[in-house]
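Enquirer: Task: produce atomic coordinates for the following.
(one chain, ligands or ions: 1)
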Amino acid sequence: MTLEPADTGGVRSLDELYSAFDGLSIEGGWHRRSPALWPEPRRTLVPHGWRFADVRPILAAAGDLVDHEMADRRNVTLTNPVEGNIYPTVRTLVAAYQLIRPGEAAKAHRHTPSALRIILEGHGTYTVVQGTRVEMRPGDVLLTPSWLWHSHAHLETSDEDCYWVDVLDVPLVHLLETMFFERYPGDFETDVVEADEAPIAFRWEDSLRRLGAEQQQPEHGMAHREIQLGDPAMRTIALHVQEMPAGWTSARSRTTANSVFTVVEGSGRTEADGTVIEWERGDVVAVPSWRPYRHVASSDARLVRASDEPLMSALGLLRTERLEGTSAQIETGG
Ligand SMILES: [Fe+2]
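Expert: Numbering: from 1, shown residues only. Model prediction:
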């Protein structure tokens, strides 16, 4: 059998070959401008910490300057400080500090991104999620799962400004091109039921009680005691409350899950891939995928870890490696 000579369109050199690519939106796999595969996760976003003490006065000033009609957007996004990044805190998640003042309300709406909020300060705020109204108190974690109606309001009977940390999977939804957003017709949900207990509310006192009942250190060694809020909290975000006594050093590990830690109590530092991040109550720490890290508590500390573990797990992409230290330990000093 004889083969017909292939039609090469008259191309006789590599230069001619590459100019034949022009206008066709194609690229040769043998000479990519940027590789498509690599041996392990690249260090694109960086470990970083934000101090509540830095952001609180800025939010307070915004409280005076930014109209309360914008209360649902009067927040400060924690943008991972790598060149070119304008939004995510870690690849799939964004965190923000938010302030709501007495008498202010954010109108009901829903969106495909899932969100949660960790209350840092202030009493007298309520959130309504899909018809259930719950009070929000410091340390509480409240969920607004994907596509559920939600609003929040601060009662005028309290004179305390309320600060919280929001964590949302908006960067993931951006990547997937699945953003939908809708305002509630008539601004606020009617037919609202008051509740102190709800599946979307994790009370700080319950978290403390559950931590106190934990007998065992978790196998991963990244906390002295740990509980999970929900199982998982939402389809894309897991929440763990992690407790570390003063002087305690965690194991060192890395995971493909992206993490955002919010410090609810205590102080210490996180050493993440060569960066040392000091933290205290109200601070937020970002540890992106595959960065080796460990925590060191200088006073009794409790952190809320929000991570994309359920997402990574559902996709078969969750890998976690404990790097060194057979057991987490209390520093003996000296
Ligand atoms: Fe929202």
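Enquirer: Only C-alpha atoms from now on, for both contacts and neighbour counts.
Expert: Fine.
Enquirer: which residues of the stretch 51-200 of the chain score low on pLDDT?
Expert: 70-72 (pLDDT under 70).
Enquirer: Also the stretch 201-334 of the chain?
Expert: 325-334.
Enquirer: Strands along that one, start to end?
Expert: For the stretch 201-334 of the chain, the strands defined by DSSP state E, counting those that start in this stretch cover 201-202, 225-229, 238-244, 248-249, 252-255, 259-265, 267-272, 275-280, 284-287, 293-297, 301-307, 320-324, 329-330.
Enquirer: So which of those strands is the most surrounded?
Expert: Mean neighbour count (mean count of other C-alpha atoms under 10 Å) peaks for strand 284-287 among the strands of the stretch 201-334 of the chain, with a mean of 27.
Enquirer: now it: how far from the chain's centre is it?
Expert: 8 Å (C-alpha atoms, centre = their mean, to the nearest Å).
Enquirer: Can you tell me which helices and strands that strand packs against?
Expert: Under the contact definition 3 or more C-alpha pairs under 8 Å, 6 or more residues apart in numbering; DSSP states H and E, strand 284-287 sits against strand 48-50, strand 259-265.
Enquirer: Any chance you could list what contacts the first one?
Expert: Contacts made with strand 48-50 from outside it, assessed by C-alpha atoms under 8 Å, 6 or more residues apart in numbering, are listed as 78, 80-81, 275, 277-279, 283-287.
Enquirer: Save those residues as JSON lines, and put in distance to Leu211 too.
Expert: Converted to JSON lines, the contacts of strand 48-50 look like this (distance: C-alpha to C-alpha, whole Å):
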{"residue": "Leu78", "distance to Leu211": "29"}
{"residue": "Asn80", "distance to Leu211": "31"}
{"residue": "Pro81", "distance to Leu211": "34"}
{"residue": "Thr275", "distance to Leu211": "29"}
{"residue": "Ile277", "distance to Leu211": "25"}
{"residue": "Glu278", "distance to Leu211": "24"}
{"residue": "Trp279", "distance to Leu211": "21"}
{"residue": "Asp283", "distance to Leu211": "21"}
{"residue": "Val284", "distance to Leu211": "21"}
{"residue": "Val285", "distance to Leu211": "22"}
{"residue": "Ala286", "distance to Leu211": "23"}
{"residue": "Val287", "distance to Leu211": "23"}
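Enquirer: what's the neighbour count on Asn85?
Expert: Asn85 has 12 neighbours, counted by other C-alpha atoms under 10 Å.
Enquirer: Also His31?
Expert: 8.
Enquirer: again, but for Tyr126
Expert: Applying other C-alpha under 10 Å, we find 18 other residues in the vicinity of Tyr126.
Enquirer: That one against Asp140, yeah?
Expert: No. Using C-alpha atoms under 8 Å, Tyr126 makes no contact with Asp140, being 11.6 Å away.
Enquirer: just the helices in the stretch 101-250 of the chain please.
Expert: 170-176, 204-213 (DSSP state H, counting those that start in this stretch).
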